[in-house]
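J.: 3D model of this:
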Amino acid sequence: MNILVADDEAQVRAGIVSIVHEVAPDARVVGQAASVAEVIALVGLQVPDLVLLDVRMPGGTGFDALRELGGEDPTQFPIWVVVTSYSSFEYARTAVKLNAFDYLLKPVAPEEMRTLLDAVRLEISHRISQGAQRGAGLPLQEPAAKARTLIERHFERSIGVTQVAEQIGVTPNYLSTVFRKKYGESPLHYLTRVRMERAAELLAHGHTVTEVSLMVGYYDSRHFSRLFVRHWGIRPSEYAREHRADASPWTEGDDVSSGGE
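T.: Okay, the predicted model is just below:
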(Lines give C-alpha, C1' and ligand atoms only; values in the text may rest on other atoms or scores of the structure.)
Protein backbone atom coordinates (compact mmCIF):
# COMPACT_ATOMS: atom_id res chain seq x y z
CA MET A 1 0.00 0.00 0.00
CA ASN A 2 1.39 3.39 -1.04
CA ILE A 3 0.45 6.38 1.10
CA LEU A 4 0.61 10.14 0.64
CA VAL A 5 0.60 12.22 3.85
CA ALA A 6 -0.74 15.76 3.43
CA ASP A 7 -0.47 18.28 6.28
CA ASP A 8 0.95 21.79 6.39
CA GLU A 9 2.89 21.10 9.62
CA ALA A 10 6.13 19.16 9.19
CA GLN A 11 6.03 17.86 12.75
CA VAL A 12 2.53 16.49 12.29
CA ARG A 13 3.52 14.82 9.02
CA ALA A 14 6.51 13.23 10.71
CA GLY A 15 4.29 11.94 13.50
CA ILE A 16 1.82 10.38 11.08
CA VAL A 17 4.62 8.80 9.06
CA SER A 18 6.13 7.36 12.23
CA ILE A 19 2.81 5.80 13.29
CA VAL A 20 2.25 4.34 9.81
CA HIS A 21 5.68 2.70 9.89
CA GLU A 22 5.04 1.43 13.41
CA VAL A 23 1.72 -0.27 12.71
CA ALA A 24 2.20 -1.22 9.04
CA PRO A 25 5.87 -1.83 8.14
CA ASP A 26 4.81 -3.13 4.72
CA ALA A 27 3.18 0.22 3.82
CA ARG A 28 5.19 2.82 1.94
CA VAL A 29 4.91 6.57 2.41
CA VAL A 30 5.60 7.69 -1.15
CA GLY A 31 5.22 11.41 -0.57
CA GLN A 32 4.49 14.25 1.83
CA ALA A 33 2.55 17.38 0.88
CA ALA A 34 2.35 20.70 2.73
CA SER A 35 -0.16 22.49 0.49
CA VAL A 36 -3.11 21.81 -1.78
CA ALA A 37 -0.91 22.34 -4.86
CA GLU A 38 1.56 19.76 -3.59
CA VAL A 39 -1.24 17.26 -2.94
CA ILE A 40 -2.47 17.62 -6.52
CA ALA A 41 1.04 17.36 -7.96
CA LEU A 42 2.07 14.34 -5.88
CA VAL A 43 -1.13 12.40 -6.50
CA GLY A 44 -0.45 12.79 -10.21
CA LEU A 45 3.20 11.78 -9.81
CA GLN A 46 3.00 8.98 -7.27
CA VAL A 47 -0.59 7.71 -7.80
CA PRO A 48 -0.95 6.62 -4.15
CA ASP A 49 -3.41 4.04 -2.89
CA LEU A 50 -4.31 6.24 0.11
CA VAL A 51 -4.14 9.95 0.89
CA LEU A 52 -4.19 11.01 4.55
CA LEU A 53 -5.50 14.52 4.04
CA ASP A 54 -5.45 17.54 6.36
CA VAL A 55 -8.22 20.10 5.84
CA ARG A 56 -6.59 23.45 6.54
CA MET A 57 -3.58 23.92 4.25
CA PRO A 58 -2.05 26.75 2.21
CA GLY A 59 -3.73 27.34 -1.12
CA GLY A 60 -7.19 26.17 -0.11
CA THR A 61 -8.50 23.18 1.80
CA GLY A 62 -7.91 19.48 1.53
CA PHE A 63 -11.45 19.21 0.21
CA ASP A 64 -10.41 21.28 -2.81
CA ALA A 65 -7.83 18.66 -3.71
CA LEU A 66 -10.34 15.90 -3.12
CA ARG A 67 -12.87 17.54 -5.47
CA GLU A 68 -10.33 18.21 -8.23
CA LEU A 69 -8.92 14.69 -8.24
CA GLY A 70 -12.20 12.86 -8.44
CA GLY A 71 -13.00 12.28 -4.81
CA GLU A 72 -16.72 12.49 -5.56
CA ASP A 73 -16.53 9.01 -7.12
CA PRO A 74 -16.16 6.46 -4.29
CA THR A 75 -15.03 3.67 -6.64
CA GLN A 76 -11.83 5.33 -7.83
CA PHE A 77 -8.28 5.62 -6.51
CA PRO A 78 -6.77 7.03 -4.43
CA ILE A 79 -8.72 6.38 -1.26
CA TRP A 80 -9.10 9.59 0.74
CA VAL A 81 -9.10 9.84 4.54
CA VAL A 82 -9.54 13.24 6.19
CA VAL A 83 -7.29 13.78 9.23
CA THR A 84 -7.96 17.02 11.10
CA SER A 85 -7.69 18.65 14.52
CA TYR A 86 -11.13 20.19 14.18
CA SER A 87 -14.20 18.30 15.38
CA SER A 88 -16.45 20.23 13.05
CA PHE A 89 -19.85 19.02 11.90
CA GLU A 90 -19.45 20.94 8.65
CA TYR A 91 -16.09 19.29 7.98
CA ALA A 92 -17.51 15.86 8.70
CA ARG A 93 -20.53 16.52 6.49
CA THR A 94 -18.33 17.73 3.63
CA ALA A 95 -16.12 14.65 3.97
CA VAL A 96 -19.18 12.40 3.76
CA LYS A 97 -20.56 14.34 0.78
CA LEU A 98 -17.27 13.94 -1.08
CA ASN A 99 -17.19 10.22 -0.28
CA ALA A 100 -14.06 10.33 1.88
CA PHE A 101 -13.40 6.83 3.16
CA ASP A 102 -13.00 7.95 6.78
CA TYR A 103 -12.65 11.01 9.01
CA LEU A 104 -10.11 10.95 11.86
CA LEU A 105 -9.28 13.47 14.55
CA LYS A 106 -5.70 14.36 15.42
CA PRO A 107 -3.73 13.16 17.22
CA VAL A 108 -4.33 9.73 15.69
CA ALA A 109 -3.52 6.87 18.07
CA PRO A 110 -1.51 3.91 16.73
CA GLU A 111 -4.44 1.51 17.16
CA GLU A 112 -6.71 3.88 15.25
CA MET A 113 -4.18 3.95 12.41
CA ARG A 114 -3.82 0.17 12.46
CA THR A 115 -7.61 -0.27 12.24
CA LEU A 116 -7.82 2.28 9.44
CA LEU A 117 -5.06 0.69 7.34
CA ASP A 118 -6.57 -2.77 7.77
CA ALA A 119 -9.88 -1.39 6.48
CA VAL A 120 -8.13 0.38 3.60
CA ARG A 121 -6.42 -2.86 2.54
CA LEU A 122 -9.81 -4.54 2.27
CA GLU A 123 -11.19 -1.58 0.34
CA ILE A 124 -8.24 -1.69 -2.08
CA SER A 125 -8.91 -5.36 -2.77
CA HIS A 126 -12.60 -4.64 -3.32
CA ARG A 127 -11.96 -1.79 -5.74
CA ILE A 128 -9.43 -3.81 -7.70
CA SER A 129 -11.87 -6.69 -7.99
CA GLN A 130 -14.44 -4.21 -9.31
CA GLY A 131 -11.97 -2.94 -11.90
CA ALA A 132 -11.53 0.57 -10.52
CA GLN A 133 -9.15 2.83 -12.42
CA ARG A 134 -6.25 4.42 -10.54
CA GLY A 135 -5.60 8.12 -10.68
CA ALA A 136 -9.15 9.30 -11.25
CA GLY A 137 -9.24 12.62 -13.06
CA LEU A 138 -5.74 12.05 -14.47
CA PRO A 139 -4.87 11.34 -18.11
CA LEU A 140 -5.20 7.65 -18.99
CA GLN A 141 -1.84 5.87 -19.20
CA GLU A 142 -0.89 3.66 -22.13
CA PRO A 143 -0.59 -0.11 -21.41
CA ALA A 144 3.09 -0.28 -20.42
CA ALA A 145 2.77 2.61 -17.96
CA LYS A 146 -0.48 1.19 -16.57
CA ALA A 147 1.21 -2.17 -16.06
CA ARG A 148 4.14 -0.57 -14.29
CA THR A 149 1.79 1.31 -11.99
CA LEU A 150 -0.15 -1.86 -11.13
CA ILE A 151 3.06 -3.77 -10.44
CA GLU A 152 4.35 -1.06 -8.12
CA ARG A 153 1.00 -0.93 -6.30
CA HIS A 154 0.39 -4.66 -5.91
CA PHE A 155 3.71 -6.48 -6.08
CA GLU A 156 3.04 -7.86 -2.59
CA ARG A 157 0.09 -9.83 -3.94
CA SER A 158 0.21 -13.08 -5.87
CA ILE A 159 0.15 -11.46 -9.30
CA GLY A 160 1.76 -12.21 -12.63
CA VAL A 161 1.87 -10.89 -16.17
CA THR A 162 -1.45 -12.56 -17.02
CA GLN A 163 -3.31 -10.90 -14.15
CA VAL A 164 -1.78 -7.49 -14.92
CA ALA A 165 -2.66 -7.80 -18.61
CA GLU A 166 -6.24 -8.78 -17.78
CA GLN A 167 -6.57 -5.80 -15.45
CA ILE A 168 -5.67 -3.30 -18.19
CA GLY A 169 -7.48 -5.13 -21.00
CA VAL A 170 -4.65 -6.43 -23.22
CA THR A 171 -3.11 -9.83 -23.92
CA PRO A 172 -0.01 -10.98 -21.98
CA ASN A 173 2.05 -11.21 -25.18
CA TYR A 174 1.12 -7.70 -26.25
CA LEU A 175 1.87 -6.34 -22.79
CA SER A 176 5.28 -8.01 -22.70
CA THR A 177 6.13 -6.56 -26.11
CA VAL A 178 5.16 -2.95 -25.38
CA PHE A 179 6.59 -3.07 -21.85
CA ARG A 180 9.98 -4.29 -23.07
CA LYS A 181 9.99 -1.68 -25.83
CA LYS A 182 9.25 1.15 -23.38
CA TYR A 183 11.32 0.09 -20.36
CA GLY A 184 13.95 -2.27 -21.74
CA GLU A 185 12.89 -5.28 -19.65
CA SER A 186 9.97 -7.67 -19.41
CA PRO A 187 7.11 -6.98 -16.98
CA LEU A 188 8.01 -10.19 -15.11
CA HIS A 189 11.61 -9.06 -14.70
CA TYR A 190 10.41 -5.67 -13.45
CA LEU A 191 8.00 -7.30 -10.99
CA THR A 192 10.79 -9.49 -9.62
CA ARG A 193 13.16 -6.53 -9.34
CA VAL A 194 10.59 -4.44 -7.43
CA ARG A 195 9.98 -7.36 -5.07
CA MET A 196 13.68 -8.03 -4.48
CA GLU A 197 14.44 -4.38 -3.74
CA ARG A 198 11.57 -4.23 -1.25
CA ALA A 199 12.67 -7.55 0.26
CA ALA A 200 16.13 -6.14 0.91
CA GLU A 201 14.61 -3.17 2.76
CA LEU A 202 12.45 -5.43 4.92
CA LEU A 203 15.34 -7.77 5.78
CA ALA A 204 17.43 -4.78 6.82
CA HIS A 205 14.61 -3.75 9.18
CA GLY A 206 14.66 -7.07 11.03
CA HIS A 207 11.97 -9.17 9.39
CA THR A 208 12.61 -12.88 9.00
CA VAL A 209 13.06 -14.55 5.63
CA THR A 210 9.66 -16.24 5.91
CA GLU A 211 7.95 -12.95 6.79
CA VAL A 212 9.62 -11.09 3.95
CA SER A 213 8.75 -13.80 1.44
CA LEU A 214 5.04 -13.36 2.22
CA MET A 215 5.27 -9.56 2.38
CA VAL A 216 6.60 -9.33 -1.18
CA GLY A 217 4.19 -11.80 -2.74
CA TYR A 218 5.85 -15.23 -2.50
CA TYR A 219 4.08 -17.97 -0.61
CA ASP A 220 6.97 -20.38 -1.24
CA SER A 221 9.94 -19.10 0.77
CA ARG A 222 12.31 -21.49 -1.00
CA HIS A 223 11.42 -19.98 -4.36
CA PHE A 224 11.79 -16.50 -2.86
CA SER A 225 15.28 -17.35 -1.57
CA ARG A 226 16.37 -18.66 -4.97
CA LEU A 227 15.21 -15.47 -6.65
CA PHE A 228 16.89 -13.34 -3.97
CA VAL A 229 20.21 -15.11 -4.55
CA ARG A 230 19.83 -14.69 -8.30
CA HIS A 231 19.16 -10.95 -7.90
CA TRP A 232 21.55 -9.99 -5.08
CA GLY A 233 24.13 -12.79 -5.25
CA ILE A 234 23.71 -13.54 -1.57
CA ARG A 235 21.28 -15.51 0.60
CA PRO A 236 18.57 -13.53 2.41
CA SER A 237 19.91 -14.43 5.87
CA GLU A 238 23.41 -13.31 4.90
CA TYR A 239 22.03 -10.06 3.53
CA ALA A 240 20.18 -9.47 6.78
CA ARG A 241 23.30 -10.06 8.89
CA GLU A 242 25.31 -7.62 6.82
CA HIS A 243 22.72 -4.84 6.59
CA ARG A 244 20.71 -4.84 9.82
CA ALA A 245 21.52 -1.81 11.97
CA ASP A 246 20.40 -3.66 15.11
CA ALA A 247 22.21 -6.85 14.11
CA SER A 248 21.42 -9.80 16.34
CA PRO A 249 22.17 -13.52 15.99
CA TRP A 250 20.29 -14.82 12.97
CA THR A 251 18.84 -18.27 12.97
CA GLU A 252 20.20 -20.09 9.94
CA GLY A 253 17.23 -22.41 10.17
CA ASP A 254 14.99 -19.60 8.98
CA ASP A 255 16.88 -19.37 5.71
CA VAL A 256 15.76 -21.89 3.14
CA SER A 257 17.64 -23.58 0.39
CA SER A 258 18.82 -21.34 -2.43
CA GLY A 259 19.47 -24.15 -4.85
CA GLY A 260 18.43 -24.16 -8.47
CA GLU A 261 14.82 -24.21 -9.52
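
J.: How about residues contacting the helix or strand hosting residue 191?
T.: In this structure, residue 191 sits in helix 187-204 according to DSSP states H and E. With Cβ atoms under 8 Å, 6 or more residues apart in numbering as the test, helix 187-204 has contacts from 25-26, 147-148, 151-152, 155-156, 159-161, 164, 175-176, 179, 183, 185, 209, 211-213, 215-218, 224, 227-228, 231-232, 236, 239-240, 243-245. C-beta: built from backbone N, CA, C; applies to glycine.

J.: Okay, buried residues for whatever helix or strand comes next after that helix please.
T.: Where DSSP H and E defines the elements, the next helix or strand beyond helix 187-204 is helix 209-215. By neighbour count on 16 or more other Cβ atoms under 10 Å, the buried set for helix 209-215 is 209, 211-215.

J.: With distance to residue 93 as extra columns, can I get the residues you listed in TSV?
T.: Shown next, in TSV, are those (distance: Cβ to Cβ, whole Å):
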residue	distance to residue 93
209	49
211	42
212	43
213	45
214	41
215	38
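
J.: Please, where are all the helices along the stretch 151-261 of the chain?
T.: Using DSSP state H, counting those that start in this stretch, the helices of the stretch 151-261 of the chain run over 161-168, 172-183, 187-204, 209-215, 221-232, 236-243.

J.: Export the ones you listed to a markdown table and append columns for mean pLDDT.
T.: Shown next, in a markdown table, are the helices of the stretch 151-261 of the chain (pLDDT from 0 to 100):
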| stretch | mean pLDDT |
| --- | --- |
| helix 161-168 | 82 |
| helix 172-183 | 83 |
| helix 187-204 | 94 |
| helix 209-215 | 92 |
| helix 221-232 | 94 |
| helix 236-243 | 91 |
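
J.: For PyMOL, write the select line for the buried members of the contacts of helix 187-204.
T.: The buried residues among those can be selected in PyMOL (16+ other Cβ under 10 Å) with this line:
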select buried, resi 26+147+148+151+152+155+156+159+161+164+175+176+179+209+211+212+213+215+216+217+218+224+227+228+232+236+239+240
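
J.: Torsion angles phi and psi at residue 81?
T.: phi -130, psi 120 (degrees, to the nearest 10).

J.: can you count the residues close to residue 33?
T.: The tally of other residues near residue 33 (other Cβ atoms under 10 Å) stands at 26.

J.: actually residue 123, sorry about that
T.: 18.

J.: close enough to count as contact, it and residue 101?
T.: Yes - Residue 123 is within contact range of residue 101, at 6.5 Å (criterion: Cβ atoms under 8 Å).

J.: shared neighbours, these two?
T.: Shared contacts of residue 123 and residue 101, counting by Cβ under 8 Å, 6+ apart, come down to residue 79.

J.: quick one: residue 68 and residue 40 touch, right?
T.: Yes - if you go by Cβ under 8 Å, residue 68 and residue 40 touch, sitting 6.2 Å apart.

J.: Those two: which has the busier surroundings?
T.: Between residue 68 and residue 40, residue 40 has the larger neighbour count (other Cβ under 10 Å), namely 19 against 14.

J.: Report pLDDT for that one.
T.: In this model, residue 40 is scored at 86, pLDDT.

J.: Now do the same for it: helix, strand or coil?
T.: helix (DSSP: H, G, I helix; E, B strand; the rest coil).

J.: Same question for the one 5 residues further on.
T.: On the three-state scheme (three-state DSSP), residue 45 is labelled helix.

J.: Please, which helix or strand holds the nearest residue to it once chain neighbours are set aside?
T.: Of all residues not flanking residue 45 in the chain, residue 31 sits nearest, at 7.4 Å (Cβ to Cβ, 6 or more residues apart in numbering). Here residue 31 sits within strand 28-33, counting by DSSP H and E.
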